[in-house]
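# Sequence first, predicted model second:
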Amino acid sequence: MDIQVATLCDSAADYNGKLCVLGTFDTICSRALPVVHPHCVLALRVCFRPGDEGRHEFAITFIDADGHPVMPSFRAGVEIRLPSDAYFVTRNIVLNFQNLKFEKTGQFSIDVSVDDRMLTRVPLRVMLVEDKSTPAS
C-alpha cells in the first residue's frame, strides 16, 4: 500500500472518491503557551493493491521530538477487498481534530502506521512569535 497524500490542513473532505484539501500547513504559531489550535484535519489518500487485501490496523499518533505521545493514538481496523477487475483501489481518510493543545514549542509529527509498520510521518512545528503590535519602550 502507498500513501499518496498525507497532510495537515484547515479543511478536507471526501467528495465522491476525490480528496478535497484546503489550507495545508506545517507550522502553528502562537504568542503564549500552551498553544491551542482550534481545528485542523489530517488528510490521507491511500492506494491499495492486490497484495494488500485483508484486515489492517491503522494507527495515527501525534508525537513530540522525543517520541512521546502528545495525545492518545487513534486506531481503526479496515478490511480491504479489491473488485476482481481492479488492480488498485484508493481510499481517503479524513480525521478532524479539535483544540489540539501543545504544552511546549518544538518539532512534532503525526505518524501514520499500518499493522505496526510506519508508512509516513507528517512534520509539524509549534513556535512562539512576538506580538509586534505592542510599541517598544
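On my side now, so go ahead.

# Contact partners for the residue nearest the centre of the chain?
Nearest residue to the geometric centre of the chain (CA atoms, centre = their mean): Leu42, 3.4 Å. Applying CB atoms under 8 Å, 6 or more residues apart in numbering to Leu42 gives the contacts 6-8, 60, 93-95, 97, 110, 122. Yep, even glycine has a C-beta here, placed from its N, CA and C like the rest.

# go with 7 Å
Residues near Leu42 by CB atoms under 7 Å, 6 or more residues apart in numbering: 8, 60, 95, 110.

# And for Ala12?
Residues in contact with Ala12 (CB under 7 Å, 6+ apart) are 19-21, 41, 43, 94.

# how does it look with 8 Å?
19-22, 41, 43, 94.

# Contacts only, for the closest residue to it other than its chain neighbours.
Of all residues not flanking Ala12 in the chain, Ala43 sits nearest, at 3.7 Å (CB to CB, 6 or more residues apart in numbering). Ala43 makes contact with 5-9, 12, 19, 21, 92-94, according to CB under 8 Å, 6+ apart.

# can you name the two of those residues that are farthest apart?
Maximum pairwise distance in those, criterion CB to CB, is 15.1 Å, between Leu8 and Asn92.

# rewinding a little: name the nearest residue to the residue nearest to the centre of the chain, ignoring sequence neighbours.
Nearest residue to Leu42 in three dimensions, chain neighbours excluded: Leu95, at 4.5 Å (CB to CB, 6+ apart).

# and the one you found, how far is that from Thr7?
Distance, Leu95 to Thr7, using CB to CB, to the nearest Å: 12 Å.

# cool, Asn92 as well?
Taking CB to CB, one finds Asn92 at 12 Å from Thr7.

# cool, Glu53 as well?
Glu53 is 27 Å from Thr7, by CB to CB.

# which stretches of this protein have low pLDDT?
Low-confidence segments of the chain, defined by pLDDT under 70: 133-137.

# what about the strands in it?
2-15, 18-24, 27-30, 35-48, 54-64, 74-80, 89-102, 106-114, 117-128 (DSSP state E).

# As a markdown table, the contacts of Ala12 with distance to Val78 would be great.
Putting the contacts of Ala12 into a markdown table (distance: CB to CB, whole Å) gives the following:
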| residue | distance to Val78 |
| --- | --- |
| Leu19 | 16 |
| Cys20 | 21 |
| Val21 | 21 |
| Leu22 | 25 |
| Val41 | 19 |
| Ala43 | 16 |
| Val94 | 14 |
